[in-house]
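Asks: 3D model of this:
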Amino acid sequence: MILLDADVPKKTEYRSWKKIVETADNIMFLPVEIEKGLFILMKDHKNFNKFQKNYSNVNAFNYDICFNEWPLGSDSYVSIDFKHWFAHVEKILGDRNILFRFWMEENQEQTDSFLVEFVRKFCVLAERAEADFLPATV
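Replies: Down below sits the predicted model:
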């Protein structure tokens, strides 16, 4: 299985690979641009407070520290800015998995849909290769 970032189709070099990607059984796109999706989710004070209370293991990590260098809304930034923000937050928290878990739990429908599609595609490939299937999810 090949997982590509959600922003790949926006890149100019994607055009030459588009037909191959669309017809391949083993390529999927992540449901969102991960860093941007997390930025948007956590930029909302209510969501940030939920993250801080239920996920963060760093008491000193607050909204001001999280967004000090990124005070504007998501429309003011480009992909590389979100990547820098994510690296900044990950360094402070010391664990990217809690960020992913938070996004997944806050976006359960997208997460479930992605997992169902991943398992379906994997099982098609497994059947061709006469390999074990993944158990159904959700």
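
Asks: Grab the nearest non-local neighbour of residue 73.
Replies: Nearest residue to residue 73, sequence neighbours excluded (C-beta to C-beta, 6 or more residues apart in numbering): residue 43, at 7.1 Å. For glycine as for every other residue, the C-beta is placed from the backbone atoms N, C-alpha and C.

Asks: can you check residue 62 too?
Replies: The spatial neighbour of residue 62 that comes closest, neighbours along the chain excluded (C-beta to C-beta, 6+ apart), is residue 52 at 7.1 Å.

Asks: ok, the one you found to residue 43 distance?
Replies: Distance of residue 52 to residue 43, given as C-beta to C-beta, to the nearest Å: 13 Å.

Asks: Next, residue 3: phi, psi?
Replies: Main-chain dihedrals, residue 3, degrees, to the nearest 10: phi -110, psi 130.

Asks: tell me the contacts of it?
Replies: Applying C-beta atoms under 8 Å, 6 or more residues apart in numbering to residue 3 gives the contacts 27-30.

Asks: Looking at those, which is nearest residue 97?
Replies: Closest approach between the contacts of residue 3 and residue 97, by C-beta to C-beta: residue 30, at 15.5 Å.

Asks: The closest one touches residue 5, doesn't it?
Replies: Yes: the pair residue 30 and residue 5 passes the contact test of C-beta atoms under 8 Å, sitting 5.8 Å apart.
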